Structure formats: C-alpha cells, structure tokens
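Colleague: let me see the structure of the following:
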Amino acid sequence: MMKNPERDTREHILITGEQLCLQKGFTGMGLSELLKTAGVPKGSFYHYFPSKEAFGVSMLERYYTQYDDRLATLFGCDCGDAPHMRVIRWFENAVEQFQLQTNVTGCLAVKLSAEVCDLSESMRTSMEAGSRKVVEHLAKAIEQAKQSGFLMPDTESHSLAQVIYSLWLGANLQAKTSRSAAPLENALAHVKRIFANIPA
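Modeller: Prediction:
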C-alpha cells in the first residue's frame, strides 16, 4: 500500500501536538515548540492548518474519532457478559490508566476539558460533539442493561449515562489535581453501587 506523504505529515503534526498537549496543555504548547519537536517548517504547518485553533479542532476530532472506535469495540463486544459490566469495565480502564501514568493522563479530553471551553468556541464544540458520542455509547449499554432486567424499568438511560460520564470526567480531573487514584476509585465504587441491586 502506497503512503500518502501529505497525509503522513499532517498525521505526524497531530500526533506530536497531542503528546505536547498532554504534557503542557494547549495554551502551554507553543507553536514554535510544536514545529521544532515535529521537525517541520512553519510553512508546512500552515499548509495543513490555517491557525493554531484550527489545529486544535483537528487534533480533538482525530482523538475523538479514535476514542469512539475504541468504545465501539468495548461496548459492542459480545463477550457473554452483562451489559452493565461494560460500563464498569470502561470505568475500571480509567483507574488502571491513571495508576499506570500517575499524574500524566493519556486522555486528551480530560487534559483540555477545562482549559479550552472558554478559550475557543470551535474547540469547545468539538469536545461537546465527542462527549455526546461517549454518552451515547454509555446510554446504549445502560438501555441494554435495563431491557435485560439489570436496572429498574423506569430508569432514564440517557440521563444516567450523562451522570456516569460526569462522574468519570470529574473524578479524572480530581485525580489529576490530587495526583491520587482515590477519586476515580471512589467514583467507580459508586457506579458499581448503581448496578448493585440486580436480580440473581
């Protein structure tokens, strides 16, 4: 399969930028630092991205597309387990990732969520669109759990999915602040309690 040099260069810039943003945040990542680290001239950057903000939007879109694919695999897995266990497993993955990476999170959504919302409307919109997809995956699993008898019939799947996503995001931010997995572990315990009253 033949490589596309233009696409490869654009992808390389996006990957490099994501790694720098995970370390320093979006505002902390200078354009000159990005170009130097990526080994590309300024002209190449502006060939693909008209501005740093446009680069940020593309970076977020790329991140959320890949994350959506991972969630589709996780929540679409027909492993014979109960639907609610996929939600718990998603939360457990966050705890495991934090413990592996300590205070350096590998989640761009967590890193930039508080930073860019007031900084850039287009980046905020990209994050909101990506977050909606995460909630949709959660809501689908919760609805399946409800239909299978693992939740009360009057459970509002989308509302519960939004609450669980908010728990996940908030716990990740608190874990970063405290440099401790305790907020994530406590949030995970709460999510498990939500599904605790399941039929035998």
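Colleague: ok, longest helix in the chain?
Modeller: helix 121-147 (DSSP state H).
Colleague: so what secondary structure elements neighbour whichever helix or strand comes after that one?
Modeller: For helix 121-147, the succeeding helix or strand toward the C-terminus, using DSSP states H and E, is helix 157-178. If contacts are counted by 3 or more CB pairs under 8 Å, 6 or more residues apart in numbering; DSSP states H and E, helix 157-178 sits against helix 83-101, helix 108-116, helix 121-147, helix 182-194. Every residue, glycine included, has its C-beta placed from N, CA and C.
Colleague: run the angle between the longest helix of the chain and helix 182-194 for me.
Modeller: Angular relation of helix 121-147 and helix 182-194 on a 0 to 180 degree scale: 40 degrees, by axes from the mean of the first three to the mean of the last three CA atoms, to 10 degrees.
Colleague: what's helix 121-147 packed up against?
Modeller: Helix 121-147 is packed against helix 52-76, helix 83-101, helix 108-116, helix 157-178, with contacts defined by 3+ CB pairs under 8 Å, 6+ apart.
Colleague: which stretch among the ones you listed comes nearest residue 145?
Modeller: The minimum distance between residue 145 and those falls on helix 83-101, with 4.1 Å, by CB to CB.
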